[in-house]
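Novice: Have a look at this prediction, sequence included:
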Amino acid sequence: MENLDFNNCITRTNCAGFSVYRGKVRDVYTINEQKLAIVASDRISAFDHILKEAIPYKGQILNSLAAYFFEHVKDIVPIHILDIPHPNITIGKKCTPIEIEVVIRGYLTGHAWRTYKSGLRELCGVKLPEGLKENERFTSPILTPATKAKEGHDEDISEVDLLERGIVAPEIWEQVRSYAFKLFERGSKLAEERGLLLVDTKYEFGLYNGEVTLIDEVHTADSSRYFYKDDYEHTFPKGEKPKQLSKEFVREWLMDNGFQGKDGQVLPSMPESFREEVYTRYKSLYETLTGKKFTPVSTKDFDITLENVLKQQTGDNF
Ligand SMILES: Nc1ncnc2c1ncn2[C@@H]1O[C@H](COP(=O)(O)OP(=O)(O)OP(=O)(O)O)[C@@H](O)[C@H]1O
Ligand SMILES: [Mg+2]
């Protein structure tokens, strides 16, 4: 077993003199009008809540995984990455985010299944046929957008509604949806090469000098679900639950400990043994998805590292 350093997890980063936006998982620093430093912390979120304890090296696993997939899709769409000066830090183009979570689903799983099971035959304006089973593959992938809520859960929206409400201009949306389907096709192909199926995923786009650009993260375990192909082919016909490669096991642990993210419920504390398991799962997920070995880099005194990176970036002329 590796000697895990639970005391140096990156729970919150600080750097005086730079404006920062803290998301659930990432701290985003503005370097200048053109550039951001997107710092992947070791925080972990589930059911839209940040868990109380952090996971050693989770930030660098996630950031490196995103970097790997960005590299593998940059021929399809302009990407936000400019540089990765440290495994926890991505220097990205400062984009104006398009306030829509662009979700593509290849299978009737998770939220889509729960909606279908409740009797509805339409999801985000997409008609669904009768007689589908949980985790069944759609004839072709579907686009099920959601609005990015500032607080709480994101809400489903149809393409017609998001255009009618003027959330995105029609010509921009045309590009976004076309990129999203192409990206999903590439993500599925990359997954299959590793014996996996890309089940569903979420993309975020932004505008950079008017150009539609892929931002945030892509095809990571935090933004996507995968099945193991062999396992799916055995379990699905028998109506059994296919094994998922995702952070579903964290949600399951929380539910076993009485937490589903509902109001009034108390977040359980993760013991070190479980945090270690989460680390091991994230590490193996990285290795399965990329075929590369993960070697942690120390996160001791991370704020000093961050300050050096930010100062150097400020000096660089982009
Ligand atoms: N290149 C970029 N330009 C502008 N914003 C970006 C870029 N890349 C990522 N972001 C934004 O940075 C934030 C990343 O933080 P994180 O993923 O932790 O947030 P979140 O909790 O998922 O979402 P949010 O804070 O938006 O509710 C997101 O709001 C994302 O939209
Ligand atoms: Mg996010």
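Specialist: Everything's here; your move. Residues are numbered from 1 along each chain as shown. Ligands and ions are numbered 1, 2, ... in the order given.
Novice: Compute the number of surrounding residues for Glu240.
Specialist: If you count neighbours by other C-beta atoms under 10 Å, Glu240 ends up with 12. C-betas here are computed from N, CA, C, even on glycine.
Novice: Excluding residues flanking it in the chain, which one is nearest it?
Specialist: Counting by C-beta to C-beta, 6 or more residues apart in numbering, Glu240 lies nearest to His234, which is 7.9 Å off, once chain neighbours are set aside.
Novice: What strand or helix carries that neighbour?
Specialist: Secondary structure from DSSP states H and E places His234 in helix 229-235.
Novice: Quick check: which helices or strands does that helix pack against?
Specialist: strand 196-208 (3 or more C-beta pairs under 8 Å, 6 or more residues apart in numbering; DSSP states H and E).
Novice: and the strand it packs on, does that touch ligand 1?
Specialist: Yes. Using C-beta under 6 Å from any ligand atom, strand 196-208 comes into contact with ligand 1 via 204, 206.
Novice: sorry, back to before: can you give me the buried ones in the helix holding His234?
Specialist: Neighbour-count burial for helix 229-235, counted by 16 or more other C-beta atoms under 10 Å, picks out 231-232, 235.
Novice: now it: mean pLDDT?
Specialist: For helix 229-235, mean pLDDT is 97.
Novice: Repeat that for stretch 276-289.
Specialist: In this model, stretch 276-289 carries a mean pLDDT of 95.
Novice: And stretch 136-147, by the same measure?
Specialist: Averaged across stretch 136-147, the pLDDT comes to 98.
Novice: Contacts for it, please.
Specialist: For stretch 136-147, contacts defined as C-beta atoms under 8 Å, 6 or more residues apart in numbering pick out 99-108, 112, 123-124, 126, 154-159, 162, 167, 177, 180-181, 184-185, 236.
Novice: Drop anything exposed from these.
Specialist: For the contacts of stretch 136-147, a neighbour count by 16+ other C-beta under 10 Å gives the buried set as 100-108, 112, 123-124, 156-159, 162, 167, 177, 180, 184, 236.
Novice: taking these one by one, which sit in helices?
Specialist: 112, 159, 162, 177, 180, 184 (DSSP state H).
Novice: I figured the last one was touching Val199, is that so?
Specialist: Put plainly, it is Phe184. No. Between Phe184 and Val199 there is no contact under C-beta atoms under 8 Å: 10.5 Å.
Novice: quick one: common contacting residues for the two?
Specialist: Both Phe184 and Val199 are contacted by Gly106, under the criterion C-beta under 8 Å, 6+ apart.
Novice: Sketch out the low-pLDDT regions of the chain for me.
Specialist: Where the chain drops to pLDDT under 70, the residues are 1-2, 151-152, 316-318.
Novice: what's the burial count for Ser246?
Specialist: Here the number of neighbours of Ser246 (other C-beta under 10 Å) works out to 21.
Novice: Show me what counts as buried in stretch 164-171.
Specialist: Buried residues in stretch 164-171 (16+ other C-beta under 10 Å): 167-168.
Novice: How about stretch 279-286?
Specialist: Applying a neighbour-count criterion of 16+ other C-beta under 10 Å, one finds 279, 281-283, 285-286 buried in stretch 279-286.
Novice: The stretch 201-318 of the chain: strands as residue ranges?
Specialist: For the stretch 201-318 of the chain, the strands defined by DSSP state E, counting those that start in this stretch occupy 211-215, 224-228, 244-245.
Novice: now those strands as JSON lines including distance to Asp75 and mean neighbour count?
Specialist: Listed next are the strands of the stretch 201-318 of the chain as JSON lines, based on distance: least, C-beta to C-beta, whole Å; neighbours: other C-beta atoms under 10 Å:
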{"stretch": "strand 211-215", "distance to Asp75": "12", "mean neighbour count": "21"}
{"stretch": "strand 224-228", "distance to Asp75": "20", "mean neighbour count": "23"}
{"stretch": "strand 244-245", "distance to Asp75": "25", "mean neighbour count": "22"}
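Novice: These: which one's closest to ligand 1?
Specialist: Proximity to ligand 1 (C-beta to the nearest ligand atom) singles out strand 211-215 among these, at 3.7 Å.
Novice: Kindly report the residues of the stretch 151-300 of the chain close to ligand 1.
Specialist: Counting by C-beta under 6 Å from any ligand atom, the stretch 151-300 of the chain sits next to ligand 1 at 204, 206, 215-216.
Novice: Not counting its neighbours along the chain, what's nearest the spatially most central residue of the chain?
Specialist: Centrality entry for the chain: nearest residue to the mean C-alpha point is Ser223, 2.5 Å, by C-alpha atoms, centre = their mean. What sits nearest to Ser223 in space, not counting adjacent residues and going by C-beta to C-beta, 6+ apart, is Lys202, at 4.8 Å.
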